[in-house]
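K.L.:
requesting a structural model of the entry that follows:
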Amino acid sequence: GLPRCHELGFTHQVSTEVELRRGQANEALEGLRLALGYKIMLFRQDLRNSKSKVQKTRSWADIALADIKVSRHAAMYNRARDALTSLLGPTHADFTVYQKLTKGDLEASSQFVEDDRLVARHEKQKAQRSGSKKKKKTIPWIWIVGGETMVENDNWMKECEQVM
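P.N.:
Presented below is the predicted three-dimensional model:
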């Protein structure tokens, strides 16, 4: 933890480690979004268009592999977040961005990659800050980090939207 590192005189290494863990968390979130987008595409393109039992079985096998990728990226993110927690403490400002993952955050639904849902999430955050009590269904926080949409720059997400 941070106090022990300061005791041993590793303050420079702590700041380097924090930057590395932030990068690891960001990469894991990007991988998570891509894996979820791929899983959504498999549901929409392969599973829905399956005409036979064999095609459905293959589609479910592909979806299971995509789910494994989602789990790996989630585990990578959790490890990076835990390391940041031990280095910075649980009340640091970074943890408004790097939130704890829940089961609901890892759901694959096509509504999560639609632009109007991303805007709805951003507007809900604004409403919460201003004290408004409007209830809107929102998407998981992993699709928006820092109030900006993360889907815009991902080529895979653009392909996923075209398929939809």
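
K.L.:
quick one: average confidence on stretch 85-104?
P.N.:
Average pLDDT, stretch 85-104: 81.

K.L.:
where's Arg58 relative to Ile68, distance?
P.N.:
Distance of Arg58 to Ile68, given as C-beta to C-beta, to the nearest Å: 16 Å. Bear in mind the C-beta positions are built from the backbone N, C-alpha and C, glycine included.

K.L.:
for Leu87, same thing?
P.N.:
29 Å.

K.L.:
quick one, which of those two is more surrounded?
P.N.:
Legend: neighbour count by other C-beta atoms under 10 Å for Leu87 and Ile68, higher for Leu87 (17 against 11).

K.L.:
so which strand or helix has Ala61?
P.N.:
If you go by DSSP states H and E, Ala61 is part of helix 53-88.

K.L.:
any buried residues in that helix, and which?
P.N.:
Of the residues in helix 53-88, 59, 62-63, 66-67, 69-70, 73-74, 76-77, 80-81, 83-85, 87-88 count as buried by neighbour count, 16 or more other C-beta atoms under 10 Å.

K.L.:
now do that helix: which elements does it pack against?
P.N.:
Contact here means 3 or more C-beta pairs under 8 Å, 6 or more residues apart in numbering; DSSP states H and E; on that basis helix 53-88 packs against helix 2-7, helix 11-41.

K.L.:
so which of those helices gets nearest Asn49?
P.N.:
Nearest to Asn49, of all those, is helix 11-41, at 11.6 Å by C-beta to C-beta.
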